[in-house]
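# just coords:
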């Protein structure tokens with residue numbers, strides 16, 4: 001979603017807060033199980049000039065501020081005699097994001113006592129999930145917790161090497177063993193503006 005209006009068209013910064021992103025603030029949960037579209041956020045790539053009588057046209061390009069992450073498939077190590085029970089799969093995200101179109105800088109962080117939020121993903125099919133998360137590349141992190149889940153009742157934390165950047169679509173396969181879960185990168189799409197559906 002993108003909004004332009006005279007009261008806000010000349011804003012020097014834009015932000016989503018934990019109140020916007022989290023649908024269940026007390027439990028720090030962002031529920032995207034019914035679809036990703038309401039959580040998409042596009043921002044102008046540069047400051048929008050107010051229209052004038054001599055130049056009434058507004059010409060603006062919007063870019064995705066959020067990051068899209070997809071688990072394409074989940075496979076299980078041969079040590080499992082039967083398919084393990086997966087529960088509570090959730091992506092991990094910062095709760096707020098601000099953007100300065102003058103510099104093109106994104107800033108993330110904690111807000112209202114919320115450091116990280118669980119994002120319940122949209123199920124694309126059996127063992128395939130997608131979510132929109134707040135990028136954390138502005139924080140200079142070298143390792144990121146991507147998701148958490150329970151495997152046969154045991155909680156596992158899945159990390160990736162590197163930060164999540166705005167406007168990119170990351171696709172992974174996930175291999176699960178009894179004591180670890182390993183991500184296998186499939187693709188990083190530098191921009192997902194051509195996708196018909198979120």
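Yep, it's here. Fair warning: this is a prediction, and the values are worked out from it, not measured in the lab.

# doesn't residue 133 make contact with residue 163?
No. Checked against CB atoms under 8 Å, the pair residue 163 and residue 133 is beyond contact range at 11.4 Å. For glycine as for every other residue, the C-beta is placed from the backbone atoms N, C-alpha and C.

# Just give me the neighbour total for residue 141.
Residue 141 has 13 neighbours, counted by other CB atoms under 10 Å.

# How about the one 5 residues further on?
One way to gauge burial is a neighbour count; for residue 146, by other CB under 10 Å, it gives 22.

# Neighbour count: residue 163 and residue 133, which is higher?
Using other CB under 10 Å as the criterion, residue 163 and residue 133 rank with residue 133 on top: 26 against 16.

# Now the more buried one: closest residue in space that isn't a chain neighbour?
Spatial nearest neighbour of residue 133, excluding adjacent residues (CB to CB, 6 or more residues apart in numbering): residue 93 at 3.9 Å.

# which residues does that neighbour contact?
21, 30, 116, 117, 118, 119, 131, 133, 134 (CB atoms under 8 Å, 6 or more residues apart in numbering).

# Got the confidence number for the residue nearest to the spatial centre of the chain?
Geometric centre of the chain, nearest residue: residue 133, 1.5 Å, by CA atoms, centre = their mean. pLDDT recorded at residue 133 is 95.

# sec struct for the nearest residue to residue 102 once chain neighbours are set aside, please.
Take residue 102 and drop its neighbours on the chain: the residue closest to it by CB to CB, 6+ apart is residue 47, 5.3 Å away. Per DSSP: H, G, I helix; E, B strand; the rest coil, the local secondary structure of residue 47 is coil.

# Hmm, residue 47 is touching residue 101, no?
Yes. In this structure, residue 47 is within contact of residue 101 by CB under 8 Å, at 4.8 Å.

# Could you report the neighbour count for the closest residue to residue 64 other than its chain neighbours?
Setting aside the residues directly before and after it, residue 64 is nearest to residue 167 in space (CB to CB, 6+ apart), at 4.3 Å. Residue 167: 20 surrounding residues under other CB under 10 Å.

# With residue 27 instead?
Using other CB under 10 Å, residue 27 has 10 neighbouring residues.

# which residues touch it?
Counting by CB under 8 Å, 6+ apart, residue 27 makes contact with residue 118.

# quick one, phi/psi of it?
Per-residue torsions, residue 27: phi -100, psi 0 (degrees, to the nearest 10).

# before we move on, what about residue 137?
Per degrees, to the nearest 10, the backbone of residue 137 is at phi -60, psi -20.

# Return the distance of it relative to residue 74.
26 Å (CB to CB, to the nearest Å).

# who has more neighbours, these two?
Using other CB under 10 Å as the criterion, residue 137 and residue 74 rank with residue 74 on top: 19 against 16.

# ok so, going back, ramachandran coordinates for the residue nearest to residue 102?
Backbone torsions for residue 47, taken as degrees, to the nearest 10, come to phi -60, psi 130.
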